[in-house]
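In: Just the structure for this:
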Amino acid sequence: GNSDAHREPQPVGLPQTVVLADDLSRTAIQEGIRAGRSWICESSKINLKFTATGGPGAHAGIGGRLEVGADAAITVRLEVTGAPGCTAAFVTDQGQLYAAPLPDSGTGTVEWRTTASYAAYVRAEVRHAPADGGASGLP
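Out: Numbers count the residues shown, from 1 in each chain. I've put the predicted structure just below:
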C-alpha cells in the first residue's frame, strides 16, 4: 500500500501496509512480509486478528498454514476494531463465500465454518460500502 497525496487536503499515508512482526527491526519486518503476515489498511485505527482453527491444537494466524485433513471442520475467525460502516468477508479459491456487516461501532467478530476440501485458502477482507454502487473500497 502507499499513498499518492500531493497537496492539501489529500491525507498522506492512505493506504498503508501493516506487517505483523516480532519487533520493529528491519529483519523482523522482512520476515513478517516473507511469511505473508501483512495487509493493506486505510488507517492505523484499524486492527485485525485473523485465525483458523481445526481440531485439537490445530490453529493458524495471519499468513499461517493450517495442517488438517481434507474433511476436517475449520473455523475461520476475524476480529476487527476501528472499521465503522464496513463489511467483513472471507474469500477463498472459490471466490467470496461469506460476508457480514460489522456493527456501527466498527468493532466486531465474524466467524465462518468450512473444510480444507472446500476452501484451499481463506483471505479476509474488510471494506467500506461502495459509495457509487460499484466495487467496495478498502477501509
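In: From Ala72, how far out is the residue nearest to the spatial centre of the chain?
Out: In the chain, the residue lying closest to the centroid (Cα atoms, centre = their mean) is Ala124, at 3.9 Å. Counting by Cβ to Cβ, to the nearest Å, the gap from Ala124 to Ala72 is 20 Å. In short, each C-beta sits where N, CA and C put it, glycine included.
In: cool, Val126 as well?
Out: Distance, Val126 to Ala72, by Cβ to Cβ: 26 Å.
In: In terms of neighbours, single out the busier of the two.
Out: Val126 (24 against 15; other Cβ atoms under 10 Å).
In: May I have the residues that are in contact with the more buried one?
Out: Taking Cβ atoms under 8 Å, 6 or more residues apart in numbering, we find Val126 in contact with Ile46, Leu48, Leu78, Val80, Ala83, Cys86, Thr87, Ala88, Ala89, Leu102, Leu138, Pro139.
In: and it, what helix or strand is that in?
Out: Assessed by DSSP states H and E, Val126 sits inside strand 122-128.
In: show me where the protein has helices.
Out: For the chain, the helices defined by DSSP state H cover 26-34.
In: okay, and for this protein, where does confidence drop off?
Out: 1-5, 13, 130-139 (pLDDT under 70).
In: residues touching the residue nearest to the centre of the chain, list them.
Out: By Cβ under 8 Å, 6+ apart, the contact set of Ala124 is Leu48, Phe50, Val76, Leu78, Ala88, Ala89, Phe90, Val91.
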